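>>> any chance you can model this:
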Amino acid sequence: MKLFKLYEQVEEEESKEPNLITLTPIDKKFLKLMQRKEVDWSDGSEIWKFLTDTLFISDMDLKMRLAYLYMEQLVDEDEGETYDDLEKVSLDMEKIKSQFDDKQLALSEHFDLPPFLIEESGYSHYGLEQYENEDDGGTYAIGDEDEMDEAMDEYAQNRVDDGIEYFEDWYLEDHLEPNDSAIEQFAEEEADHRLDDMTDEEILEEAGYDSMDVAKEEWEEKDSEKDDIEERMNDLSMEKDELESEQEDLDYEEDEDEYNRLDEEIDLKQDEIGDLEIELNDLETEMERLLEISEGEELEQAKDELREGYTENYVEEIRNDGISYFTDNLGFDKEGAMDSFFWLDEESLREAIKNDEGWEVLASYDGNYDEINMDGVLYIIIRTD
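I've put the predicted structure just below:
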(Lines give C-alpha, C1' and ligand atoms only; values in the text may rest on other atoms or scores of the structure.)
Protein backbone atom coordinates (compact mmCIF):
# COMPACT_ATOMS: atom_id res chain seq x y z
CA MET A 1 0.00 0.00 0.00
CA LYS A 2 1.50 3.30 -1.03
CA LEU A 3 1.65 5.99 1.59
CA PHE A 4 -1.05 7.95 -0.19
CA LYS A 5 -3.40 4.99 -0.32
CA LEU A 6 -2.79 4.43 3.37
CA TYR A 7 -3.51 8.10 3.91
CA GLU A 8 -6.82 7.70 2.06
CA GLN A 9 -7.69 4.64 4.13
CA VAL A 10 -7.02 6.44 7.38
CA GLU A 11 -9.05 9.42 6.22
CA GLU A 12 -11.91 7.09 5.37
CA GLU A 13 -11.84 5.48 8.83
CA GLU A 14 -11.45 8.83 10.55
CA SER A 15 -14.54 10.09 8.77
CA LYS A 16 -16.48 7.51 10.77
CA GLU A 17 -14.60 7.96 14.04
CA PRO A 18 -12.30 10.98 14.06
CA ASN A 19 -8.59 10.36 14.73
CA LEU A 20 -9.05 6.59 15.09
CA ILE A 21 -8.26 3.53 12.99
CA THR A 22 -9.44 -0.01 13.77
CA LEU A 23 -6.83 -2.71 14.38
CA THR A 24 -7.71 -5.99 12.66
CA PRO A 25 -6.80 -9.42 14.04
CA ILE A 26 -4.16 -9.72 11.32
CA ASP A 27 -2.72 -6.36 12.36
CA LYS A 28 -2.45 -7.52 15.96
CA LYS A 29 -0.95 -10.88 15.05
CA PHE A 30 1.95 -9.41 13.10
CA LEU A 31 2.47 -6.45 15.42
CA LYS A 32 2.82 -8.84 18.39
CA LEU A 33 5.27 -10.96 16.40
CA MET A 34 7.46 -7.96 15.61
CA GLN A 35 7.32 -6.93 19.24
CA ARG A 36 8.33 -10.41 20.38
CA LYS A 37 11.24 -10.46 17.93
CA GLU A 38 12.29 -7.06 19.29
CA VAL A 39 12.28 -5.37 15.93
CA ASP A 40 13.44 -1.77 16.41
CA TRP A 41 10.28 0.35 16.07
CA SER A 42 12.38 3.43 15.20
CA ASP A 43 14.21 1.79 12.28
CA GLY A 44 11.97 1.70 9.25
CA SER A 45 14.49 -0.27 7.22
CA GLU A 46 14.72 -2.98 9.86
CA ILE A 47 10.93 -3.18 10.09
CA TRP A 48 10.55 -3.46 6.33
CA LYS A 49 13.27 -6.10 6.09
CA PHE A 50 11.60 -8.17 8.82
CA LEU A 51 8.21 -7.96 7.14
CA THR A 52 9.70 -8.87 3.77
CA ASP A 53 12.47 -11.36 4.47
CA THR A 54 11.37 -12.95 7.74
CA LEU A 55 7.59 -12.91 7.56
CA PHE A 56 7.57 -13.12 3.74
CA ILE A 57 4.64 -10.74 3.46
CA SER A 58 4.13 -9.90 -0.19
CA ASP A 59 0.91 -7.92 0.22
CA MET A 60 2.19 -4.37 -0.17
CA ASP A 61 -0.94 -2.84 1.37
CA LEU A 62 -0.63 -4.93 4.49
CA LYS A 63 3.11 -4.47 4.78
CA MET A 64 2.82 -0.69 4.54
CA ARG A 65 0.00 -0.60 7.12
CA LEU A 66 1.90 -2.80 9.58
CA ALA A 67 5.10 -0.80 9.24
CA TYR A 68 3.43 2.50 10.09
CA LEU A 69 1.37 1.02 12.90
CA TYR A 70 4.45 -0.57 14.48
CA MET A 71 6.47 2.65 14.15
CA GLU A 72 3.78 4.45 16.17
CA GLN A 73 4.88 2.39 19.27
CA LEU A 74 1.27 1.91 20.30
CA VAL A 75 1.96 -0.18 23.42
CA ASP A 76 4.16 0.26 26.47
CA GLU A 77 5.58 -3.10 27.45
CA ASP A 78 6.83 -1.76 30.76
CA GLU A 79 3.23 -1.02 31.66
CA GLY A 80 2.16 -4.49 30.59
CA GLU A 81 0.23 -3.25 27.55
CA THR A 82 -0.34 -5.58 24.59
CA TYR A 83 -1.74 -5.15 21.12
CA ASP A 84 -4.63 -7.40 22.11
CA ASP A 85 -5.81 -4.60 24.37
CA LEU A 86 -6.17 -2.19 21.44
CA GLU A 87 -9.22 -1.72 19.29
CA LYS A 88 -8.98 1.81 17.95
CA VAL A 89 -5.67 3.63 17.57
CA SER A 90 -4.60 7.00 16.28
CA LEU A 91 -2.43 7.10 13.15
CA ASP A 92 -1.43 10.69 12.35
CA MET A 93 -0.81 10.63 8.59
CA GLU A 94 -0.14 14.34 8.41
CA LYS A 95 2.65 13.92 10.90
CA ILE A 96 4.00 10.94 8.98
CA LYS A 97 3.99 12.83 5.69
CA SER A 98 5.65 15.86 7.25
CA GLN A 99 8.73 13.78 8.01
CA PHE A 100 9.54 13.50 4.29
CA ASP A 101 10.19 16.03 1.57
CA ASP A 102 8.20 16.16 -1.66
CA LYS A 103 10.88 14.31 -3.63
CA GLN A 104 11.04 11.46 -1.14
CA LEU A 105 7.28 11.17 -1.40
CA ALA A 106 7.48 11.19 -5.20
CA LEU A 107 10.10 8.44 -5.17
CA SER A 108 8.02 6.52 -2.64
CA GLU A 109 5.04 6.69 -4.97
CA HIS A 110 7.16 5.73 -7.97
CA PHE A 111 8.76 2.69 -6.34
CA ASP A 112 5.66 1.70 -4.38
CA LEU A 113 7.72 1.83 -1.20
CA PRO A 114 7.34 3.62 2.12
CA PRO A 115 9.27 6.90 2.07
CA PHE A 116 11.37 5.83 5.05
CA LEU A 117 13.17 3.51 2.62
CA ILE A 118 14.16 6.53 0.53
CA GLU A 119 17.12 8.17 2.24
CA GLU A 120 18.92 11.35 1.22
CA SER A 121 22.39 10.49 -0.10
CA GLY A 122 24.01 13.70 1.08
CA TYR A 123 25.54 14.57 -2.28
CA SER A 124 24.15 15.89 -5.53
CA HIS A 125 24.29 14.85 -9.16
CA TYR A 126 24.80 17.90 -11.40
CA GLY A 127 22.90 19.86 -8.78
CA LEU A 128 20.07 17.32 -8.50
CA GLU A 129 19.24 15.91 -5.07
CA GLN A 130 19.98 12.20 -4.76
CA TYR A 131 18.36 9.51 -2.67
CA GLU A 132 19.24 5.94 -1.77
CA ASN A 133 16.62 3.29 -2.42
CA GLU A 134 17.18 0.82 0.40
CA ASP A 135 15.03 -1.76 -1.33
CA ASP A 136 17.12 -2.21 -4.49
CA GLY A 137 20.34 -0.52 -3.32
CA GLY A 138 20.23 2.02 -6.13
CA THR A 139 20.97 5.72 -6.03
CA TYR A 140 18.46 7.98 -7.74
CA ALA A 141 18.48 11.65 -8.64
CA ILE A 142 15.20 13.52 -8.96
CA GLY A 143 14.15 16.97 -10.08
CA ASP A 144 11.37 18.89 -11.73
CA GLU A 145 11.69 20.06 -15.32
CA ASP A 146 13.43 23.33 -14.40
CA GLU A 147 15.89 21.51 -12.15
CA MET A 148 16.60 18.99 -14.90
CA ASP A 149 17.34 21.81 -17.33
CA GLU A 150 19.67 23.38 -14.78
CA ALA A 151 21.39 20.01 -14.34
CA MET A 152 21.82 19.80 -18.09
CA ASP A 153 23.38 23.28 -18.04
CA GLU A 154 25.90 22.08 -15.45
CA TYR A 155 26.55 18.86 -17.37
CA ALA A 156 27.12 20.72 -20.63
CA GLN A 157 29.44 23.22 -18.94
CA ASN A 158 31.41 20.36 -17.39
CA ARG A 159 31.78 18.79 -20.83
CA VAL A 160 33.18 22.05 -22.18
CA ASP A 161 35.43 22.56 -19.13
CA ASP A 162 36.83 19.03 -19.49
CA GLY A 163 38.43 20.15 -22.75
CA ILE A 164 37.55 20.29 -26.42
CA GLU A 165 39.94 17.43 -27.16
CA TYR A 166 37.14 15.10 -26.08
CA PHE A 167 34.86 16.32 -28.88
CA GLU A 168 35.00 15.01 -32.43
CA ASP A 169 36.21 17.60 -34.95
CA TRP A 170 32.96 17.41 -36.92
CA TYR A 171 30.99 18.17 -33.77
CA LEU A 172 33.01 21.29 -33.02
CA GLU A 173 32.84 22.73 -36.54
CA ASP A 174 29.38 24.28 -36.10
CA HIS A 175 30.51 26.09 -32.98
CA LEU A 176 33.80 27.56 -34.17
CA GLU A 177 34.30 30.99 -35.72
CA PRO A 178 37.49 31.43 -37.75
CA ASN A 179 40.04 33.97 -36.55
CA ASP A 180 40.47 35.54 -40.00
CA SER A 181 43.57 37.56 -39.25
CA ALA A 182 45.39 34.58 -37.70
CA ILE A 183 44.37 32.27 -40.54
CA GLU A 184 45.46 34.74 -43.21
CA GLN A 185 48.80 35.28 -41.48
CA PHE A 186 49.29 31.52 -41.25
CA ALA A 187 48.38 31.10 -44.93
CA GLU A 188 50.87 33.80 -45.96
CA GLU A 189 53.63 32.16 -43.92
CA GLU A 190 52.83 28.77 -45.44
CA ALA A 191 52.96 30.31 -48.92
CA ASP A 192 56.38 31.83 -48.17
CA HIS A 193 57.67 28.50 -46.84
CA ARG A 194 56.49 26.80 -50.01
CA LEU A 195 58.22 29.38 -52.20
CA ASP A 196 61.40 29.06 -50.14
CA ASP A 197 61.53 25.37 -51.04
CA MET A 198 61.27 26.08 -54.79
CA THR A 199 64.06 26.96 -57.22
CA ASP A 200 63.80 30.09 -59.34
CA GLU A 201 63.10 27.94 -62.39
CA GLU A 202 60.31 26.08 -60.56
CA ILE A 203 58.74 29.37 -59.51
CA LEU A 204 58.77 30.72 -63.06
CA GLU A 205 57.40 27.48 -64.49
CA GLU A 206 54.65 27.26 -61.85
CA ALA A 207 53.63 30.85 -62.53
CA GLY A 208 53.61 30.29 -66.30
CA TYR A 209 56.66 32.44 -67.05
CA ASP A 210 59.47 31.57 -69.44
CA SER A 211 62.50 29.84 -68.00
CA MET A 212 65.60 31.97 -67.39
CA ASP A 213 67.79 29.28 -68.92
CA VAL A 214 65.53 28.94 -71.94
CA ALA A 215 65.32 32.71 -72.26
CA LYS A 216 69.13 32.91 -72.25
CA GLU A 217 69.36 30.26 -74.99
CA GLU A 218 66.70 32.05 -77.03
CA TRP A 219 68.52 35.36 -76.54
CA GLU A 220 71.70 33.81 -77.88
CA GLU A 221 69.77 32.50 -80.89
CA LYS A 222 68.24 35.92 -81.44
CA ASP A 223 71.67 37.53 -81.13
CA SER A 224 72.92 35.29 -83.92
CA GLU A 225 69.87 36.24 -86.02
CA LYS A 226 70.66 39.87 -85.32
CA ASP A 227 74.18 39.43 -86.65
CA ASP A 228 72.80 37.86 -89.83
CA ILE A 229 70.31 40.68 -90.34
CA GLU A 230 72.93 43.35 -89.74
CA GLU A 231 75.24 41.58 -92.17
CA ARG A 232 72.50 41.43 -94.81
CA MET A 233 71.66 45.08 -94.19
CA ASN A 234 75.32 45.97 -94.59
CA ASP A 235 75.54 44.03 -97.87
CA LEU A 236 72.38 45.67 -99.19
CA SER A 237 73.69 49.08 -98.16
CA MET A 238 76.93 48.44 -100.06
CA GLU A 239 75.02 47.24 -103.10
CA LYS A 240 72.85 50.32 -102.94
CA ASP A 241 75.94 52.57 -102.68
CA GLU A 242 77.43 50.91 -105.77
CA LEU A 243 74.19 51.40 -107.71
CA GLU A 244 74.01 55.02 -106.68
CA SER A 245 77.66 55.55 -107.69
CA GLU A 246 77.02 53.88 -111.03
CA GLN A 247 73.95 56.06 -111.52
CA GLU A 248 75.95 59.23 -110.79
CA ASP A 249 78.34 58.37 -113.65
CA LEU A 250 75.51 58.38 -116.19
CA ASP A 251 74.26 61.28 -118.23
CA TYR A 252 70.54 61.28 -117.70
CA GLU A 253 69.75 62.70 -121.11
CA GLU A 254 71.97 60.22 -122.91
CA ASP A 255 71.30 57.16 -120.68
CA GLU A 256 67.76 57.82 -119.45
CA ASP A 257 66.65 54.15 -119.62
CA GLU A 258 69.69 52.88 -117.75
CA TYR A 259 69.33 55.70 -115.24
CA ASN A 260 65.72 54.77 -114.51
CA ARG A 261 66.57 51.06 -114.24
CA LEU A 262 69.25 51.82 -111.67
CA ASP A 263 66.84 54.08 -109.86
CA GLU A 264 64.35 51.19 -109.54
CA GLU A 265 67.05 48.84 -108.25
CA ILE A 266 68.13 51.45 -105.70
CA ASP A 267 64.54 51.72 -104.48
CA LEU A 268 64.27 47.94 -104.21
CA LYS A 269 67.47 47.79 -102.15
CA GLN A 270 66.14 50.54 -99.91
CA ASP A 271 62.88 48.69 -99.44
CA GLU A 272 64.76 45.54 -98.45
CA ILE A 273 66.88 47.53 -96.03
CA GLY A 274 63.69 49.05 -94.54
CA ASP A 275 62.13 45.62 -94.08
CA LEU A 276 65.29 44.38 -92.38
CA GLU A 277 65.30 47.46 -90.10
CA ILE A 278 61.76 46.63 -88.97
CA GLU A 279 62.74 43.02 -88.45
CA LEU A 280 65.82 44.14 -86.53
CA ASN A 281 63.78 46.46 -84.28
CA ASP A 282 61.34 43.66 -83.47
CA LEU A 283 64.23 41.31 -82.81
CA GLU A 284 65.97 43.76 -80.48
CA THR A 285 62.69 44.28 -78.55
CA GLU A 286 62.33 40.55 -78.13
CA MET A 287 65.97 40.28 -77.10
CA GLU A 288 65.44 42.94 -74.42
CA ARG A 289 62.52 40.92 -73.05
CA LEU A 290 64.54 37.70 -73.09
CA LEU A 291 67.45 39.45 -71.40
CA GLU A 292 65.15 40.63 -68.58
CA ILE A 293 63.82 37.09 -68.15
CA SER A 294 67.30 35.53 -68.19
CA GLU A 295 68.47 38.01 -65.54
CA GLY A 296 65.50 37.15 -63.30
CA GLU A 297 63.67 40.45 -63.57
CA GLU A 298 60.31 38.62 -63.84
CA LEU A 299 61.07 36.36 -60.85
CA GLU A 300 59.67 38.70 -58.20
CA GLN A 301 56.49 39.21 -60.17
CA ALA A 302 56.13 35.44 -60.51
CA LYS A 303 56.73 35.03 -56.76
CA ASP A 304 54.10 37.65 -55.93
CA GLU A 305 51.55 35.93 -58.15
CA LEU A 306 52.26 32.50 -56.68
CA ARG A 307 52.29 33.84 -53.13
CA GLU A 308 48.87 35.41 -53.62
CA GLY A 309 47.49 32.25 -55.22
CA TYR A 310 48.93 29.93 -52.57
CA THR A 311 47.63 32.15 -49.78
CA GLU A 312 44.10 32.15 -51.22
CA ASN A 313 44.20 28.37 -51.62
CA TYR A 314 45.36 27.80 -48.03
CA VAL A 315 42.66 30.10 -46.66
CA GLU A 316 40.00 28.32 -48.72
CA GLU A 317 41.20 24.88 -47.58
CA ILE A 318 41.14 25.95 -43.93
CA ARG A 319 37.64 27.36 -44.30
CA ASN A 320 36.47 24.12 -45.95
CA ASP A 321 38.19 21.70 -43.55
CA GLY A 322 37.95 23.74 -40.37
CA ILE A 323 39.92 22.58 -37.35
CA SER A 324 40.62 19.20 -38.98
CA TYR A 325 42.94 20.98 -41.44
CA PHE A 326 45.35 21.58 -38.58
CA THR A 327 44.78 18.34 -36.65
CA ASP A 328 44.82 15.95 -39.63
CA ASN A 329 47.42 17.64 -41.83
CA LEU A 330 49.77 19.41 -39.46
CA GLY A 331 49.61 17.42 -36.23
CA PHE A 332 48.03 20.15 -34.10
CA ASP A 333 46.02 19.08 -31.09
CA LYS A 334 42.46 20.40 -31.13
CA GLU A 335 42.98 22.80 -28.24
CA GLY A 336 46.12 24.28 -29.78
CA ALA A 337 44.49 24.68 -33.19
CA MET A 338 41.42 26.29 -31.69
CA ASP A 339 43.38 28.68 -29.48
CA SER A 340 45.47 29.80 -32.44
CA PHE A 341 42.98 29.98 -35.29
CA PHE A 342 39.37 29.84 -34.05
CA TRP A 343 36.95 31.30 -31.54
CA LEU A 344 34.77 28.78 -29.67
CA ASP A 345 31.12 29.75 -29.22
CA GLU A 346 30.68 28.04 -25.85
CA GLU A 347 27.02 28.96 -25.53
CA SER A 348 26.24 27.38 -28.90
CA LEU A 349 28.23 24.26 -27.97
CA ARG A 350 26.47 23.93 -24.63
CA GLU A 351 23.05 24.22 -26.25
CA ALA A 352 23.99 21.60 -28.83
CA ILE A 353 25.13 19.19 -26.10
CA LYS A 354 21.88 19.65 -24.20
CA ASN A 355 19.70 19.23 -27.29
CA ASP A 356 21.64 16.28 -28.70
CA GLU A 357 22.09 14.26 -25.53
CA GLY A 358 18.93 15.02 -23.56
CA TRP A 359 18.07 14.10 -19.99
CA GLU A 360 19.06 10.49 -20.60
CA VAL A 361 22.73 11.44 -20.42
CA LEU A 362 22.31 12.33 -16.75
CA ALA A 363 21.17 8.78 -16.03
CA SER A 364 24.68 7.46 -15.62
CA TYR A 365 23.53 4.00 -14.51
CA ASP A 366 21.36 2.89 -17.44
CA GLY A 367 20.64 5.91 -19.65
CA ASN A 368 16.91 5.92 -18.87
CA TYR A 369 14.59 8.20 -16.95
CA ASP A 370 11.05 7.94 -15.55
CA GLU A 371 8.42 10.56 -14.85
CA ILE A 372 5.86 10.94 -12.10
CA ASN A 373 3.33 13.71 -11.55
CA MET A 374 2.82 14.69 -7.94
CA ASP A 375 0.34 17.42 -7.05
CA GLY A 376 0.71 18.96 -10.50
CA VAL A 377 4.53 18.86 -10.49
CA LEU A 378 6.24 16.61 -13.03
CA TYR A 379 9.29 14.96 -11.50
CA ILE A 380 11.96 13.21 -13.53
CA ILE A 381 13.70 10.26 -11.90
CA ILE A 382 17.05 8.90 -13.03
CA ARG A 383 19.27 6.20 -11.62
CA THR A 384 22.87 7.24 -11.09
CA ASP A 385 24.31 4.19 -9.37
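>>> tell me the spacing between residue 206 and residue 306.
Distance, residue 206 to residue 306, by CB to CB, to the nearest Å: 6 Å. Where C-beta positions appear, they are placed from N, C-alpha and C, glycine not excepted.
>>> counting neighbours, go ahead and name the busier of these two.
Comparing residue 206 with residue 306 by other CB atoms under 10 Å, the one with more neighbours is residue 306, at 20 against 17.
>>> is it true that residue 233 touches residue 278?
No. Applying CB atoms under 8 Å as the test, residue 233 and residue 278 come out as separate, 11.2 Å apart.
>>> which residues sit in contact with residue 357?
Applying CB atoms under 8 Å, 6 or more residues apart in numbering, we find residue 357 in contact with residue 155.
>>> for it, grab phi and psi.
The phi/psi pair for residue 357 (degrees, to the nearest 10) reads phi -100, psi -30.
>>> tell me how far it lies from residue 172.
Here residue 357 is placed at a distance of 15 Å from residue 172 (CB to CB).
>>> which residues in the chain form strands?
21-22, 88-89, 118-120, 129-133, 139-144, 176-178, 342-344, 369-374, 377-383 (DSSP state E).
>>> packing partners for the fifth one?
Counting contacts by 3 or more CB pairs under 8 Å, 6 or more residues apart in numbering; DSSP states H and E, the secondary-structure elements packed against strand 139-144 are helix 102-111, strand 129-133, helix 145-162, strand 377-383.
>>> if you set the cut-off to 7 Å instead, what comes out?
helix 102-111, strand 129-133, strand 377-383 (3 or more CB pairs under 7 Å, 6 or more residues apart in numbering; DSSP states H and E).
>>> weakest of those in terms of mean pLDDT?
Note on the helices and strands packed on strand 139-144: lowest mean pLDDT is at helix 102-111, with a mean of 91.
>>> contact partners of it?
With CB atoms under 7 Å, 6 or more residues apart in numbering as the test, helix 102-111 has contacts from 2-4, 97, 114-115, 118, 129, 131, 133, 135, 140, 142, 370, 372, 374, 379, 381.
>>> try stretch 313-324
169, 172-173, 176, 178, 183-184, 187, 190-191, 325, 334, 337-338, 342.
>>> ok, now with 10 Å
Here stretch 313-324 makes contact (CB atoms under 10 Å, 6 or more residues apart in numbering) with 164, 167-170, 172-174, 176, 178, 180, 183-184, 186-191, 194, 325-329, 332, 334-335, 337-338, 341-342, 344.
>>> from those residues, which ones fall inside helices?
169-170, 172-173, 180, 183-184, 186-191, 194, 325-329, 334-335, 337-338, 341 (DSSP state H).
>>> among those, the buried ones, what's the PyMOL command?
The buried subset of these, as determined by 16 or more other CB atoms under 10 Å, is captured in PyMOL by this line:
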select buried, resi 169+172+183+184+186+187+188+190+191+325+326+327+334+337+338+341
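>>> check contacts around the residue nearest the centre of the chain.
Centrality entry for the chain: nearest residue to the mean C-alpha point is residue 172, 1.4 Å, by CA atoms, centre = their mean. Contact partners of residue 172, counting by CB under 10 Å, 6+ apart, are 164, 322-324, 334, 337-338, 342, 344-345, 349, 352.
>>> how does it look with 8 Å?
With CB under 8 Å, 6+ apart, residue 172 has these contacts: 164, 322-323, 334, 338, 344, 349.
>>> going by distance to residue 45, which of those residues wins?
Lowest distance from residue 45 to the contacts of residue 172 (CB to CB) belongs to residue 349, with 44.3 Å.
>>> for the closest residue to residue 171 other than its chain neighbours, give its distance to residue 277.
Leaving aside its chain neighbours, residue 171 sits nearest to residue 352 (7.7 Å; criterion: CB to CB, 6 or more residues apart in numbering). Distance, residue 352 to residue 277, using CB to CB: 78 Å.
>>> so the two - more neighbours on which side?
residue 352 (17 against 12).
>>> isn't the more buried one right up against residue 175?
Yes. Taking CB under 8 Å as the definition, residue 352 is a contact partner of residue 175 at 6.6 Å.
>>> got the end-to-end distance for stretch 45-55?
In stretch 45-55, first residue to last residue: 14 Å (CA to CA, to the nearest Å).
>>> swap that for stretch 318-327, sorry
With CA to CA, one end of stretch 318-327 sits 11 Å from the other.
>>> got the buried residues for that stretch?
Neighbour-count burial for stretch 318-327 flags 318, 322-327 (criterion: 16+ other CB under 10 Å).
>>> residues contacting the closest residue in space to residue 258 that isn't next to it in sequence?
Excluding the flanking residues, the one nearest residue 258 by CB to CB, 6+ apart is residue 250, at 5.9 Å. Residues near residue 250 by CB under 8 Å, 6+ apart: 258-259, 262.
>>> out of the residues you listed, the closest to residue 66 would be?
Out of the contacts of residue 250, the member with the shortest distance to residue 66 (by CB to CB) is residue 262, at 150.3 Å.
>>> isn't the closest one up against residue 247?
Yes. Taking contacts as CB under 8 Å, residue 262 lies within contact range of residue 247: 4.3 Å.
>>> now residue 103: how far from residue 144?
9 Å.
>>> isn't residue 382 right next to residue 367, touching?
No. The criterion here is CB under 8 Å, and residue 382 misses it with residue 367 at 9.0 Å.
>>> of the two, which one has the most company?
More crowded of residue 382 and residue 367, by other CB under 10 Å: residue 382, with 27 against 12.
>>> which residues does the more buried one contact?
Residue 382 neighbours (CB under 8 Å, 6+ apart): 125, 128, 140-142, 359, 362-363, 365, 368-370.
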